[in-house]
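Undergrad: sequence below, structure please.
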Amino acid sequence: MRFSTRRFLIFAILLAALATIAILVWRRPPSTNSQSAKELTARGGHLLATVRSEPRSFNRLVVRDRTSHLLSVLTQARLVRLNPITSDPEPWLAERWESTDGRRFLLHLRRGIAFSDGAPFTSADVVFTFQALYDESVGSPLAEAFKSDGRPIGVRAIDEHTVELTWPGPQGSGLRALDSLPILPRHRLESSLRAGTFRDSWNLTTAPSEIAGLGPFVLTRYDPGARLELERNPHYWRRTADDQPQPLVDRVTLQIVPDQNTEILQLESGESDLTSGEVRPDDVPSLKKRAAEGRVQLHELGVGLNADFFWINLSPERVKNDPRRAWLQRRELRQAISHAVDRQQFVDTVFLGAATPIHGPVTPANRYWYVLDLPRYDYDLTKAAALLASIGLTDRNGDGLVEDASGTPARLSLFTQKGHAVRERAAAVLKEDLRGIGLTVDLSTFDQPTLIGRLTGGDYDAIYFGADLSDTDPAANLDYWLSSGAFHAWHPSQSSSSTEWEREIDDLMHKQVTSTDPAERKRLFGDVQRIFARELPAVYFAAPHVTIATSPRVAGAQPALLAPHVLWNADSLAVRTATP
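TA: Numbering: from 1, shown residues only. You can find the predicted model right below:
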């Protein structure tokens, strides 16, 4: 066919326009289950991510640290997944479900699914996972989120592909909690549960070949202190929109890099593809330059959902043998500490301005549950001094430090995580600010496993640390809110509430969890936050702004506020064979 010159020009213009559109489409973030710019990506390849700490176990049911959780996301699967971008529950191992009363849910499992070792997945694995979750010898930190009024969920297999879950009462958050529960293989772990050794199953000495899961990858090697190697699960069940098997990459390496300076240098130099955690404020300026040079991709997500916090050990055992230190557990002390810190200055010093001042555990990023009009303890040294004086702590000898009635200086130890620059800086600021109201603080830093050991053993005065939310809905974080919870940090795992205000919160949270009226749930949780703000069992100062960085090689990334920020959709990530 012949083209006139005019027609040829029109045709050329159309081709140029289509090329421009193609470039724009490529630059748009891809959907979770599709791959754009096929000419720039290829199936296969290897992604290297850095993590800042060792896993504590390969068994997610017995631990709650970030690296163990990441491994669980990569190697296991849930009945229901919460999309961290939309916060909506999505069908996962359960392809659909129904409920008529908000208590009884019938879940229909996907058929034809197998674990990574080839064993078929059935309802028996779901029932087994719940049995392990509730077993007292396991002591799972996840169990609290799967109870209603302290009672476990009823779990029954209707047939091989149908499971009935029955809550003791109505469940206001629906099936959202299921996102935090990986379904484990009965054929691999049932014998250990019967023997009472499940808690030690899949520990860090377990051979990777003994571990099976329903996730996109399989753990193939663990070198303590160095790396974890994962390969594509040949039996993984998800496929792309054009019916191609997932995951899209062949291998993922998690390199253990505790030093954050080294972590960033590796990313900037192209030695790694992404960090499992958010970027430190200190590194943002240099990463912006690298992003302008096309050497990294930078994603600024705004104020985060997670915030570190300061808390004092409120277990009665801590001061039982030294009654003179009873002041350490007084509410007035915590209120004085809150008044002693200029939160905006804290933001500017600790986070270099990349944070938002806060006064409670729910940050402005959690828009639905955030309460603006909470009691606040703004920077006021006069009020802080008056509060200390009300519990008998005054400067009795004029040296600028406060003493108790016997003349003993008011002194406390403060622990935080070694090698975590922001936490170390925050603890140093707190030490100086508390000295400003006459309190002597002995600051010590520990690696994360040691710090968690001191926490769980109750061997500390005060800690500055944090934990990741599993969901924006408070019903998914009962281990923090309830006095019986494993991460009720200031006094965990109480057999019964030791204070009246904790009993109030327990009662409100039980009502909040079982209410099916969204407005009532919001009102109840607002009351919980007000009691918390009054009693201050944990003092919050700032919510960091979240910035995520990846290599330009990473395609398909949709960074989220909740961890794991990038690898939550690891089965849809790909490696670019060329950069834009």
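Undergrad: pull out the buried residues from stretch 88-99.
TA: For stretch 88-99, the neighbour count (16 or more other Cβ atoms under 10 Å) marks 89, 92, 93, 94, 97, 99 as buried. Glycine gets a C-beta too; all of them are placed from N, C-alpha and C.
Undergrad: what sits against the second one?
TA: If I follow you right, that is residue 92. 77, 78, 79, 80, 81 (Cβ atoms under 8 Å, 6 or more residues apart in numbering).
Undergrad: tell me which of the residues you listed fall in strands.
TA: Of the contacts of residue 92, the ones assigned to strands by DSSP state E are 80, 81.
Undergrad: which two in the contacts of residue 92 are spaced the farthest apart?
TA: 77 and 80 (10.2 Å; Cβ to Cβ).
Undergrad: which neighbours do those two share?
TA: Contact criterion Cβ under 8 Å, 6+ apart; residues shared by residue 77 and residue 80: 92, 93.
Undergrad: which one's more surrounded, those two?
TA: Using other Cβ atoms under 10 Å as the criterion, residue 77 and residue 80 rank with residue 77 on top: 24 against 21.
Undergrad: just give the closest residue to the more buried one, not the sequence neighbours.
TA: Computed as Cβ to Cβ, 6 or more residues apart in numbering, the closest residue to residue 77 that is not its neighbour in sequence is residue 214, at 3.9 Å.
Undergrad: and if you look at residue 495?
TA: Using Cβ to Cβ, 6+ apart, the nearest residue to residue 495 is residue 484, at 7.5 Å.
Undergrad: which residues does the residue most central in space within the chain contact?
TA: For the chain, the residue nearest the mean C-alpha position is residue 468 (2.6 Å; Cα atoms, centre = their mean). By Cβ under 8 Å, 6+ apart, the contact set of residue 468 is 66, 69, 306, 562, 563.
Undergrad: so the last one sits against residue 65, correct?
TA: No. The pair residue 563 / residue 65 is not scored as a contact, 10.8 Å apart, by Cβ atoms under 8 Å.
Undergrad: partner residues bridging residue 99?
TA: Residue 99 has these beta-bridge partners by DSSP bridges: residue 105.
Undergrad: kindly report the same for residue 46.
TA: Under DSSP bridges, the beta-bridge partners of residue 46 are residue 251.
Undergrad: residues contacting it?
TA: With contact taken as Cβ under 8 Å, 6+ apart, residue 46 is in contact with 249, 250, 251, 252, 253, 575.
Undergrad: so which two of those are the farthest from each other?
TA: 253 and 575 (12.7 Å).
Undergrad: so for residue 341, what's the pLDDT?
TA: According to the prediction, residue 341 has pLDDT 98.
Undergrad: secondary structure class for the closest residue to residue 283 other than its chain neighbours?
TA: Using Cβ to Cβ, 6+ apart and skipping residues adjacent in sequence, the residue nearest residue 283 is residue 264, 4.8 Å away. Using DSSP: H, G, I helix; E, B strand; the rest coil, the structure places residue 264 in helix.
Undergrad: would you agree residue 264 is in contact with residue 279?
TA: Yes. Using Cβ under 8 Å, residue 264 is in contact with residue 279, at 7.4 Å.
Undergrad: of residue 253 and residue 575, who's got more company?
TA: Between residue 253 and residue 575, counting by other Cβ under 10 Å, residue 575 is the more crowded of the two (21 against 17).
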